[in-house]
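Enquirer: Return a 3D structure for these sequence lines:
(one chain, ligands or ions: 2)
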Amino acid sequence: MSDVGRVIVNTGNGKGKTTAALGTVFRALGHGHKVCIVQFLKGQGQYGERLMAEKIDSLDWFICGRGFVFKKKNIDDDRKVAREGFLLAREKIESDKYDLIVLDEITYLPHYNFLDVEEIVELILKKPQRLSVIMTGREADPKLIQIADTVSSIESIKHGYEQGIKAQKGIEF
Ligand code: ATP
Ligand code: MG
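Expert: Ligands and ions are numbered 1, 2, ... in the order given. Okay, the predicted model is just below:
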């Protein structure tokens, strides 16, 4: 437990950013670590990972978004939801209750100008020392990349979606 926590970014256009974070969550849970996931932008659908999370005591899961993409006509609502999500993430990080926190799809907050990237940077820089943080999402801001110790960009070679394969239970959700 005396390890210094990591700052990891999973970005790029290919499939696997969130699921790679979930793989690390699985790994951490196996060691008895306490894990928190805060999801930005996700709808309230029946995601398999969330159904599974309900069965795991040492995993706390929070959802802040209202769908995939911010809609322009509701821009003030979206900004409010984004801010609420950020404040929740901040509370969880500062609580020092966790060994690992995943901020899923957080890269979109600065990308859509819903949040100043400096607010995220500041939060990460003063996180509890033992805490590891994984941030996911496309278009990761250079400042997030700079403060991370490990950054992976997942390239899309092809995706079933482009061949008309619909989002599939157990694979996409
Ligand atoms: P996953 O959750 O499968 O690891 P991801 O986190 O890398 O995907 P997101 O950008 O969060 O990808 O995409 C949200 C959804 O879109 C996921 O269900 C994902 O499988 C799907 N997806 C990812 N990449 C592509 C792509 N290149 N084309 C179409 N759909 C994609
Ligand atoms: Mg994702």
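Enquirer: which of the residues in the lowest-mean-pLDDT helix or strand in the chain are buried?
Expert: Sorting the helices and strands of the chain by mean pLDDT, DSSP states H and E puts helix 75-94 at the bottom, at a mean of 89. Neighbour-count burial for helix 75-94 flags 78-79, 81-82, 85-86, 88-90, 92-93 (criterion: 16 or more other Cβ atoms under 10 Å). C-betas here are computed from N, CA, C, even on glycine.
Enquirer: show me where the chain has strands.
Expert: Secondary structure of the chain by DSSP state E: the strands cover 7-11, 35-39, 59-63, 100-104, 132-136, 150-153.
Enquirer: Looking at Glu119 now. What's its pLDDT?
Expert: For Glu119, the pLDDT comes out at 97.
Enquirer: I'd like the buried residues of helix 75-94 as CSV, with distance to Gly12 appended.
Expert: What follows is the buried residues of helix 75-94, written out as CSV (distance: Cβ to Cβ, whole Å):
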residue, distance to Gly12
Asp78, 24
Arg79, 26
Val81, 25
Ala82, 22
Gly85, 22
Phe86, 23
Leu88, 26
Ala89, 22
Arg90, 26
Lys92, 26
Ile93, 24
